[in-house]
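J.: heads up, no residue letters with this:
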């Protein structure tokens, strides 16, 4: 196989996978390869996620579809690299089932150029080592970025929730060094970012010596040109008072908090090995709202965890009613091989999970629409991120992470003061605020 000249990276799943996909693309570009569509690229990287149901089977389906599409268009067969959490979990099995060229885990993708070179020479390559964050030192400098950029500060998880594969595919919790994070943040701002979202499997577990995430945010706030800071995903166990107070003190820290709860029943939470209770979670939200009353809250929910009763599901619905989430993600439980919950005998029937998920999503959609409607009439800044479908239309984000449509004479990357004029289920319409003459 001749050395590839073009590449394509396709990422699935969470924001951390998006960040990893961007960094892999930068690695390939630094080797002189040119980005191309998947049906044209010489090497295609599938950056996979293992959280959702049937994730592994979807990878094999994508591999088959990709090969078929390329044969139909050009008659060639692409070099295929499977990266990310499915690669870490499946390892050599992917070679057996799909005959791909490269399998590389999420902690080893900095070795991708070497793996590509070996594959081009005829040697399929596997790298699922999990070194301690060495990949970040091997990655190239950040290139031009969008107005809103991701920055991974922490990886891995020590919580071992019984339904979750992350501790096995991403490893133990580890924090990137403070100086490296600040340097990358400055590079992102220099490259065009006006907003940075700090990422981690448990981002608020980030620490260095005596410093926590709140200290990091306060230092990032001093970077000239960085207008907005966000962070995700947080764990209730790591939500310190120092971080809560930062929401009060730091203007650039946006009034939005994604804090997964997963269920509203204490028995289910204990079976999940979550370290919080229903009451401790609600009291934590009260403390956050006490310092930032306008904060938008987001969460994650799993319905149909093994053994969940109708009454326990009602506990989840009542928690949703008590909180009033601005956004939330909800999923049916699906067993992940090797996790403790997968071996529990009392699996909830699929039809019951379907009905519960529909009811939960109806409640969450109701509250999201209510939150959006309650912001109509507010004046706020909107960071314009991309073009809309209508002539002259741009789409951006409010401080509360709402999608806002605006028509006006502006450019992507502008921060515009708008009045939120109308709310739909998933977005709002903004009208530019014109300053009154003195």
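T.: Cool, got the structure. This one's a predicted model, so the numbers in the text were calculated from it and none came from an experiment.
J.: packing partners for the helix or strand of the chain with the lowest mean pLDDT?
T.: For the chain, counting by mean pLDDT, DSSP states H and E, helix 134-138 ranks last in confidence among helices and strands (a mean of 73). Packing partners of helix 134-138 (3 or more Cβ pairs under 8 Å, 6 or more residues apart in numbering; DSSP states H and E): none among the helices and strands. Every residue, glycine included, has its C-beta placed from N, CA and C.
J.: Do a quick rundown of the strands in the stretch 251-400 of the chain.
T.: 256-258, 296-303, 327-332, 379-387, 393-397 (DSSP state E, counting those that start in this stretch).
J.: The last one: how far from the chain's middle?
T.: Remark: strand 393-397 is offset 20 Å from the chain centroid, using Cα atoms, centre = their mean, to the nearest Å.
J.: tell me the angle of whichever helix or strand comes after it relative to strand 379-387?
T.: Sequence order places strand 403-407 as the next helix or strand after strand 393-397, per DSSP states H and E. Orientation check (axes from the mean of the first three to the mean of the last three Cα atoms, to 10 degrees): strand 403-407 against strand 379-387 gives 80 degrees.
J.: Identify each buried residue in whichever helix or strand comes after strand 403-407, please.
T.: Next helix or strand after strand 403-407 toward the C-terminus (DSSP H and E): strand 415-423. Within strand 415-423, the residues scored as buried using 16 or more other Cβ atoms under 10 Å are 416, 418, 420, 423.
J.: now, the most widely separated pair of those?
T.: 416 and 423 (18.0 Å; Cβ to Cβ).
J.: re earlier: so what strands line up beside whichever helix or strand comes after the least confident helix or strand of the chain?
T.: Downstream of helix 134-138, the first helix or strand assigned by DSSP H and E is strand 148-152. Take DSSP bridges as the rule and strand 148-152 pairs in its sheet with strand 195-199 (parallel).
J.: per-residue confidence averaged over the strand it pairs with?
T.: When pLDDT is averaged over strand 195-199, the result is 97.
J.: Residue ranges in the protein under the pLDDT threshold?
T.: Within the chain, the set of residues satisfying pLDDT under 70 comprises 51-55, 131-134, 434-438.
J.: 50 instead?
T.: Applying pLDDT under 50 to the chain picks out residues 435-438.
J.: those helices in it, which residues are they?
T.: 15-30, 55-74, 85-90, 93-98, 112-120, 134-138, 166-169, 178-190, 213-220, 241-249, 266-271, 278-291, 310-323, 350-375 (DSSP state H).
J.: how about those helices, which one is nearest residue 259?
T.: Of the helices of the chain, nearest to residue 259 by Cβ to Cβ is helix 278-291, at 7.4 Å.
J.: so what does that closest one touch, helix or strand wise?
T.: Using 3+ Cβ pairs under 8 Å, 6+ apart, helix 278-291 is in contact with helix 241-249, helix 310-323.
J.: Columns distance to residue 433 and mean neighbour count on top of those, output as CSV?
T.: Shown next, in CSV, are these (distance: least, Cβ to Cβ, whole Å; neighbours: other Cβ atoms under 10 Å):
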stretch, distance to residue 433, mean neighbour count
helix 241-249, 25, 16
helix 310-323, 31, 17
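J.: Contact partners for residue 184?
T.: Residue 184 makes contacts with 142, 151, as judged by Cβ atoms under 8 Å, 6 or more residues apart in numbering.
J.: what do you get for residue 186?
T.: Residues near residue 186 by Cβ under 8 Å, 6+ apart: residue 223.
J.: Please determine how far it is located from residue 6.
T.: 31 Å (Cβ to Cβ, to the nearest Å).
J.: Same check on residue 329?
T.: In terms of Cβ to Cβ, residue 329 sits 34 Å off from residue 6.
J.: and if you look at residue 357?
T.: Residue 357 sits at a distance of 41 Å from residue 6 (criterion: Cβ to Cβ).
J.: Neighbour count: those two, which is higher?
T.: A count of neighbours by other Cβ atoms under 10 Å puts residue 357 above the other of residue 357 and residue 6, at 19 against 16.
J.: contacting residues around the more buried one?
T.: 303-304, 330-332.
J.: count of neighbours near residue 59?
T.: Neighbour count of residue 59, defined by other Cβ under 10 Å: 24.
J.: which residues touch it?
T.: Contacts of residue 59 by Cβ under 8 Å, 6+ apart are 46, 48, 82, 86, 94, 98.
J.: mind giving me TSV with these and columns for distance to residue 378 and neighbour count?
T.: Below are the contacts of residue 59 laid out as TSV (distance: Cβ to Cβ, whole Å; neighbours: other Cβ atoms under 10 Å):
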residue	distance to residue 378	neighbour count
46	42	24
48	40	27
82	45	27
86	42	28
94	49	24
98	51	18
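J.: will you turn the strands of the stretch 251-400 of the chain into JSON lines that also has mean neighbour count and distance to residue 190?
T.: Putting the strands of the stretch 251-400 of the chain into JSON lines (neighbours: other Cβ atoms under 10 Å; distance: least, Cβ to Cβ, whole Å) gives the following:
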{"stretch": "strand 256-258", "mean neighbour count": "24", "distance to residue 190": "25"}
{"stretch": "strand 296-303", "mean neighbour count": "22", "distance to residue 190": "29"}
{"stretch": "strand 327-332", "mean neighbour count": "19", "distance to residue 190": "31"}
{"stretch": "strand 379-387", "mean neighbour count": "18", "distance to residue 190": "17"}
{"stretch": "strand 393-397", "mean neighbour count": "21", "distance to residue 190": "21"}
